[in-house]
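J.: sequence first, then the predicted structure:
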Amino acid sequence: MANKTTAEKLATIQKGYTLEGAAIELGAAIVDGELHKEAQVRLPLAMMNRHGLVAGATGTGKTVTLHMMAEQLSNAGVPVFLADIKGDLSGLATAAAGSDKLKARTESIGQAWQGRTYPVEFLALGGDGNGIPVRATVSSFGPILLSRIMELNDTQESSLQLVFYFADKNGLELIDLKDLRAVIQFLTSDEGKDQLEELGGLSKATAGVILRELVNLEAQGLEKFFGEPEFDTAELLRTAPDGRGVVTCLELPTLQTKPMLFSTFLMWLLADLFEDLPEAGDLDKPKLVFFLDEAHLLFNGASKAFLAAITTTVRLIRSKGVGIFFVTQTPKDLPADVLGQLANRVQHALRAFTPEDAKALKATVSTFPVSDYDLEETLTSAGIGEAVVTVMNEKGAPTPVALTRLRAPESLMGPSAEDLVRSTVAGSALLGKYGTAVDNPSAYEKLKGKAAASTGPAAPGQPPVPEASGPDAGAGGGLDVDAEARRIEEEILGRPSSRPAPSTRTSAPRTRDEAPEVSRQQSRSQNAGGDGMMGDLGGVLGGALGGGLKSMARSIGTQLGRELLRGVFGTSSRRRRR
């Protein structure tokens, strides 16, 4: 192929990045060693839910790229989620101060720079940091993600899924680690050996291994990440009063000591969004853009089930209006099935100091479209704040490859003052909802035959013990409904109902409401009384009769509580507190 002139190369880039709709401005193209601010490189806003990859060696500017993209997404009214690994991204809450060097750079790429602040919400896993505590219940976290944290093998993971099935079927709420431990201890005890045998694939030895791993997690202090109030991922979709998207920064001050928890928790957030968001189709702009930093942690040593779940989530969540950008060092860090779904690429410089580095460089070059650049040379010589870019244009085709000098963020490139972060958290509307942990009656109390007093707003009460049985008894106005539900269960299962009699207990309201799913495209109806016999019965009959029984139950004013239906990661189908 004949060599193109600089003018021809420049014209190709200008034509390729001329867009009609709203776009994220990435920077100006560098062609034949010269910067051309008339050749602006852009990423169509409507294509950001086609996912992307931001890659490059340490110190090449990946975090600044995230920072700059998050600012523009916020300006466009798109909420953003960022994992703040080093604490630098808290600077979004502080306006940057200009300098002669910064002014010269921004003018050279045609950027009208102005220091400004952005609406930021600070979160922290379980309160491990200054942000709003983020917690999840063990039940909604699910067996696949929990197995990932515990580093269980495939057999042990399958066994843990059976434990979750047993808990679901028997109305045992798995809120925190002590609940799951209590269920396993029950199954391995003399009292629960019959139920253990009924599960078939769960051996007592495997249950013991899982129990030991749970104790190990508690010894590492991870129990604070599981509990209530559970974080509602709908909080990630908010906009500020001025219309800008809220940038949610998840603080990770102890990432190095808990990398598996960090990566797995991010996948829980995505899985929860996937299960709850309705289908959206093609939108002018995404509902949320999710940046997964240190993405290689997701895949190192992952089981086949976990990898399959990630691949499925990435493939399908696009239609829910959510874009995912993986941030890592090289494309080789991601499985081919995931990499093949990332339409937008921002590749910072790579180093080729070792034979392994050279292989990674060649593999990276092979993933780009044919271009006018010598990519091996370009990727090893690109400066800090420069990147090779190709994205999906508005017609769904890849744009020309362009070495780009990237725009500078307009907020502080570094951490905000700790006092500012703390005052932002103190003034957040989320603090009242999630700031204080509560401990409602759940599996632990039920299996111990007692109800501990709640530390939060849940009222004290005596929960049912799931293994109890007895004849139908009166319970005020709910007698006829309860008796009918027991009769239906006996007909379906071909044995006497195991539901406890309703006459001798009262149910305790909980802070985490659950209700049956109407459809994947509808919000969950709120359930303020999902505990007790009817919640347990709904778990058993929901899977057996599907929507018919649920519709019948709703029509007669009952709540059937938690389901046996679980999502792609084994996460439980949950309500939306809207």
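T.: Good, I have the coordinates. Numbers count the residues shown, from 1 in each chain.
J.: contacts and neighbour counts: CA atoms only from here.
T.: OK.
J.: what sits closest to G61 if chain neighbours are left out?
T.: Spatial nearest neighbour of G61, excluding adjacent residues (CA to CA, 6 or more residues apart in numbering): G385 at 5.3 Å.
J.: sec struct for I30, please.
T.: strand (DSSP: H, G, I helix; E, B strand; the rest coil).
J.: please renumber the chain so that the first residue is 34 from this point on.
T.: Okay, using 34 as the starting number, the last item reads as I63.
J.: next, work out how far apart it and V248 are.
T.: 56 Å (CA to CA, to the nearest Å).
J.: who has more neighbours out of the two?
T.: I63 (21 against 15; other CA atoms under 10 Å).
J.: make sure that one is actually in contact with L439.
T.: No - if you go by CA atoms under 8 Å, I63 and L439 don't touch, sitting 10.4 Å apart.
J.: name the residues of stretch 114-123 that are buried.
T.: Using 16 or more other CA atoms under 10 Å as the test for burial, stretch 114-123 gives F114, L115, A116, D117, I118, G120, D121, L122, S123.
J.: I meant stretch 216-229, not that one.
T.: Going by neighbour count (16+ other CA under 10 Å), the buried part of stretch 216-229 is V216, I217, Q218, F219, L220, T221, L229.
J.: count of residues packed around the closest residue to I142 other than its chain neighbours?
T.: Leaving out its chain neighbours, the residue that sits closest to I142 by CA to CA, 6+ apart is K70, at 4.7 Å. Neighbours of K70 under the rule other CA under 10 Å: 19.
J.: now K70: which helix or strand?
T.: Mapping K70 onto the secondary structure by DSSP states H and E places it in strand 67-77.
J.: contacts for that strand next, please.
T.: The contact list for strand 67-77, computed with CA atoms under 8 Å, 6 or more residues apart in numbering, reads 43, 46-47, 50, 52, 54-63, 141-143, 424-427, 435, 437-438.
J.: and that strand, C-alpha only, in PDB?
T.: Presented in PDB, the C-alpha positions along strand 67-77 are these (Å, rounded to 0.1, in the frame of the first residue of the first chain):
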ATOM      1  CA  GLU A  67       3.100  16.800  15.000                       C
ATOM      2  CA  LEU A  68       0.000  17.800  17.100                       C
ATOM      3  CA  HIS A  69      -3.000  19.000  15.100                       C
ATOM      4  CA  LYS A  70      -5.600  20.600  17.300                       C
ATOM      5  CA  GLU A  71      -7.900  20.900  14.300                       C
ATOM      6  CA  ALA A  72      -8.200  17.000  14.300                       C
ATOM      7  CA  GLN A  73     -10.300  16.500  17.500                       C
ATOM      8  CA  VAL A  74     -10.700  12.900  18.700                       C
ATOM      9  CA  ARG A  75     -14.100  12.100  20.200                       C
ATOM     10  CA  LEU A  76     -16.100   9.300  21.600                       C
ATOM     11  CA  PRO A  77     -19.900   9.400  20.800                       C
END
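J.: that one: which residues count as buried?
T.: Across strand 67-77, burial judged by 16+ other CA under 10 Å covers L68, H69, K70, A72, Q73, V74, R75, L76, P77.
J.: ok, now stretch 91-104?
T.: Buried positions in stretch 91-104, judged by neighbour count with 16+ other CA under 10 Å: T93, G94, K95, T96, V97, T98, L99, H100, M101, M102, A103, E104.
J.: before we move on, back to that, what is the lowest-pLDDT residue among the buried residues of stretch 114-123?
T.: The member of those with the lowest pLDDT is I118, at 76.
J.: is it true that that one touches P292?
T.: No - proximity of I118 to P292 does not meet the contact threshold set by CA under 8 Å, at 10.6 Å.
J.: determine the set of other helices and strands touching the longest helix anywhere in the chain.
T.: Across the chain, the longest stretch assigned as helix under DSSP state H is helix 292-309. In this structure, helix 292-309 packs against helix 176-183, helix 329-332, helix 337-350, with contacts taken as 3 or more CA pairs under 8 Å, 6 or more residues apart in numbering; DSSP states H and E.
J.: again, 10 Å this time
T.: Applying 3 or more CA pairs under 10 Å, 6 or more residues apart in numbering; DSSP states H and E, we find helix 292-309 packed against strand 113-117, strand 153-158, helix 171-174, helix 176-183, strand 321-325, helix 329-332, helix 337-350, strand 355-361.
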